[in-house]
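**Student:** show me how the following folds:
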Amino acid sequence: MASERVPPRRVTLRRPSLARLAVGVGLVLFVVVLFVVWFVVRVEVEANHILVLVNKTGKAIPAELADEFSDQVVLYPELVKAIAARAGESEERVRTRYKGIRYEWLGEGRYFYNPYSYRREVMPATQISDNEVGVLIRKFGKPLPFPKTVATELDERGPVAEILSPGRHNINLLAYDVQKFPAIKIPEGHRGVVTLLSGADPQRKNTYTVEPGEKGVQRKLRRPGLEYYNPYLERIEIIDLRSHKYDMVGNDAIQFPSNDSFTITIEGTIEWAIMEDRAAEVLVAYGDEDDILNKVILPNARSISRIEGSKLPAREFISGTTRLAFQTHFYEQLRDECHKQGIQILAAVVRDIQPPAEIAALISQREQADQEIERSTNEMEEARSQARLVEQQELQERNRQLGDTRREVVSVVKQAEQRKVVAVTDANRAFEVARLHLEAATKEAAAMLSRGSAEAHVVLLEFTAKAEPLKQAVSAFGDGETYAQLFFLEKIAPSIRSILSNTEGPFADIFRQFQDFRPVQKEGGDQ
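**Tutor:** Residues are numbered from 1 along each chain as shown. The predicted structure follows:
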C-alpha cells in the first residue's frame, strides 16, 4: 500500500502590534528610570547624620545685591529675604532656584534629589561630650565690627555668642565650623572671676570692675562646679577663697629696730583669706595668692612691726605682758589695713620675739630677779595664811574643849593662850625670815642690775676711749687716707731702719761690693 504523502505545513510570521511594542518599550524605560531613581537619585541619611543640599544650577545673586553679598555662598535667611525682595519672588523659590549652599538641613530618612542639580552632602551630627563646650563659627554674613569679638546678630560672621551644650547638635558644617573647648571646673572653696570680652563700654572709667553687661571684669562670681562658657565672649580665672597660712620664720622673719636702736626679730604666723564680695577687684588689682602676700600682707606686716617696735626699748620685748600687747596691736592694725584692700586677716600670732644677744643675758637676769621677788612675796603670803589657819584651828579647838567641860575652863584657856603665843611667835619668826629673804633678794637684784649697768658703761667708755683719739688723729690729718699712710709708715719705719743698720745679710752685701771696688790701672799711667 502506497503511503500517503503529507503536504508540508506552512508557517506564517506575524508582525508585532504597536501596542505590544509600546508596552515593551515602556517596561524597559520604567526599569531604567527605576534604576536611576533608586541607585542614582536616592539618598539614604542614616541615624546621627544630616543631609545638606548645594544648588549647582540656577540663578546667581542679582546684580543689585552683588556689592553687598558678593562673597556669600550660603543662602542664609537674611540673604534669601533680600533676594526675594529685589527679585519679587517667594523665599521658597529663592532657596530652590538660586545657586549656593542651602542653609537648612534634612534629618534621617530617604530622599530623592537629582545629582545633576544638587550636590548632596551627608555629614555626621555634631557630638559635644560632657566635659566640652561647642562654639559655632559662622562662615556667612557681614564681618564683625570692631571691637566686637562674637556675633550677636543673625547676619554677622564669626564666633556665635551662644554655646553648644553637651549632647547631639545637627549643624550644617558647610555654613558653620564647630570648635570644641574643655569646660572649666571650679573646685570647692574657689570662685570664677569673669571677664566679658565683648559688650557695652563701661559707664564708669578707670575702675577695676564694671557693671553687668559691660565689657570688663564682672563683680558677680561663678560658683563651684563645671562651667560651660564661650572663650570668645568670656574669660574665667579661678581664685582661691580658702584660708592661707604664712609662717614668718628663718629668712622670712620680720626684723625691725627698737626704740634704743637694737635689732628685734619676731617669728609668727599670719592666716588670711580673700573676701568673696571683693574677689574680682583683688584679682585685678594685685593678682594671685603669691602677689597678694608679697604686695599687701607682708608690706603691711613689716610696716606695722617697725612702727610699733620703734615705740618700745629692747628690754620690753622680753616681758610676756609687752609681747601680748605688741601682738594685739599688730593683729588689729594688720586686720584693719588689709580689710581696706579686700583681704581678711583671720589670725596673726607672734610666736617668738628674739632680742639682741648683747642684752638678752642682762634682761634674763632681771627677769629671774623679778621672779625671785615674786616667789618671796608668795612665801610671805603663804606664811600669813598659815598663821591665820593655825589661829582658827586653835580657836575651834578651844571652843570645843569649853563645850565639853566647864571644870577645866581656866586650864584649857591658859593652854590655848600658850599655844597661841607659840604659834604666833613661830609665824612671826617665819614672817621675819621671809622678809629678810625678800630684802636680800631685792638687794641682790639691785646689785646685779647695778653691776650689769656698770659693766655696760665700762664697755661703752672703753670703746669711746679707743675711738676718740683715732677720731682726733684723723681730723688732724684732714682725712682718713693721710692718717692711714702715716700709720703705715710708722709701722714699717722700724723694720726699714733695722734692715739698713744691719751689717750682716744679703742686703748689706750689696753695699759692701761698692765699698770693695778698686779702679783698674791702664797703660801709660792713665786710670
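
**Student:** so where's this protein uncertain?
**Tutor:** By pLDDT under 70, the low-scoring segments of the chain are 1-16, 318-321, 356-367, 406, 408-409, 412, 500-527.

**Student:** again, only using 50
**Tutor:** Scanning the chain for pLDDT under 50 picks out the ranges 1-2, 517, 520-527.

**Student:** just the helices in it please.
**Tutor:** 18-36, 66-69, 77-87, 91-97, 279-285, 289-292, 298-309, 320-340, 357-404, 409-477, 480-501, 506-515 (DSSP state H).

**Student:** and residue 476, how far from residue 493?
**Tutor:** Remark: distance between residue 476 and residue 493 (Cβ to Cβ, to the nearest Å) = 19 Å. For every residue, glycine as well, the C-beta is placed using N, CA and C.

**Student:** returning to what we had before: most tightly surrounded among the helices of the chain?
**Tutor:** helix 279-285 (a mean of 20; mean count of other Cβ atoms under 10 Å).

**Student:** isn't residue 210 up against residue 201?
**Tutor:** No: contact criterion Cβ atoms under 8 Å: residue 210 and residue 201 do not qualify, at 9.2 Å.

**Student:** let me see the contact set for residue 212.
**Tutor:** Listed by Cβ atoms under 8 Å, 6 or more residues apart in numbering, the contact set of residue 212 reads 218, 219, 220.

**Student:** ugh, wrong one, residue 309
**Tutor:** Counting by Cβ under 8 Å, 6+ apart, residue 309 touches 256, 257, 258, 264, 317, 326.

**Student:** distance of the second one relative to residue 305?
**Tutor:** Remark: distance between residue 257 and residue 305 (Cβ to Cβ) = 10 Å.

**Student:** tally of neighbours for residue 128?
**Tutor:** 19 (other Cβ atoms under 10 Å).

**Student:** adding distance to residue 166, write the helices of the chain out as TSV.
**Tutor:** Output for these, formatted as TSV (distance: least, Cβ to Cβ, whole Å):
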stretch	distance to residue 166
helix 18-36	43
helix 66-69	35
helix 77-87	27
helix 91-97	32
helix 279-285	28
helix 289-292	32
helix 298-309	44
helix 320-340	42
helix 357-404	67
helix 409-477	78
helix 480-501	80
helix 506-515	99
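
**Student:** for residue 350, which of these is the nearest?
**Tutor:** When the helices of the chain are compared by Cβ to Cβ, helix 320-340 sits nearest residue 350, at 4.3 Å.

**Student:** returning to what we had before: can you pick the most crowded of the contacts of residue 212?
**Tutor:** Tallying neighbours with other Cβ under 10 Å puts residue 218 at the head of the contacts of residue 212, with 21 neighbours.

**Student:** that one reaches residue 199, doesn't it?
**Tutor:** No: the criterion here is Cβ under 8 Å, and residue 218 misses it with residue 199 at 9.6 Å.

**Student:** rewinding a little: give me the subset of the contacts of residue 212 lying in strands.
**Tutor:** Among the contacts of residue 212, the members found in strands (DSSP state E) are 218, 219, 220.

**Student:** any idea how far the last one lies from residue 234?
**Tutor:** In this case it means residue 220. As defined by Cβ to Cβ, residue 220 lies at a distance of 12 Å from residue 234.

**Student:** got the end-to-end distance for stretch 201-217?
**Tutor:** Distance between the two ends of stretch 201-217: 12 Å, counting by Cα to Cα, to the nearest Å.

**Student:** I'd like the distance between residue 373 and residue 445.
**Tutor:** For residue 373, the distance to residue 445 (Cβ to Cβ) stands at 7 Å.

**Student:** repeat that for residue 301.
**Tutor:** 37 Å.

**Student:** contacts only, for residue 125.
**Tutor:** 48, 49, 50, 168, 169, 170, 171.

**Student:** same question, residue 171
**Tutor:** 125, 126, 136, 164, 178.

**Student:** just the ones of those in strands?
**Tutor:** 126, 136, 164, 178.

**Student:** export these as JSON lines, with columns for neighbour count.
**Tutor:** JSON lines is the format used below for the ones in strands among the contacts of residue 171 (neighbours: other Cβ atoms under 10 Å):
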{"residue": "126", "neighbour count": "20"}
{"residue": "136", "neighbour count": "22"}
{"residue": "164", "neighbour count": "22"}
{"residue": "178", "neighbour count": "15"}
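
**Student:** hang on, the earlier thing: including distance to residue 380, could the contacts of residue 125 go into CSV?
**Tutor:** As requested, the contacts of residue 125 are arranged in CSV below (distance: Cβ to Cβ, whole Å):
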residue, distance to residue 380
48, 98
49, 102
50, 102
168, 92
169, 92
170, 97
171, 95
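
**Student:** circling back: shared neighbours, residue 220 and residue 234?
**Tutor:** residue 194.

**Student:** residue 210 and residue 201 - which one has more neighbours?
**Tutor:** Neighbour tally, residue 210 and residue 201, criterion other Cβ under 10 Å: the higher count belongs to residue 210, 22 against 10.
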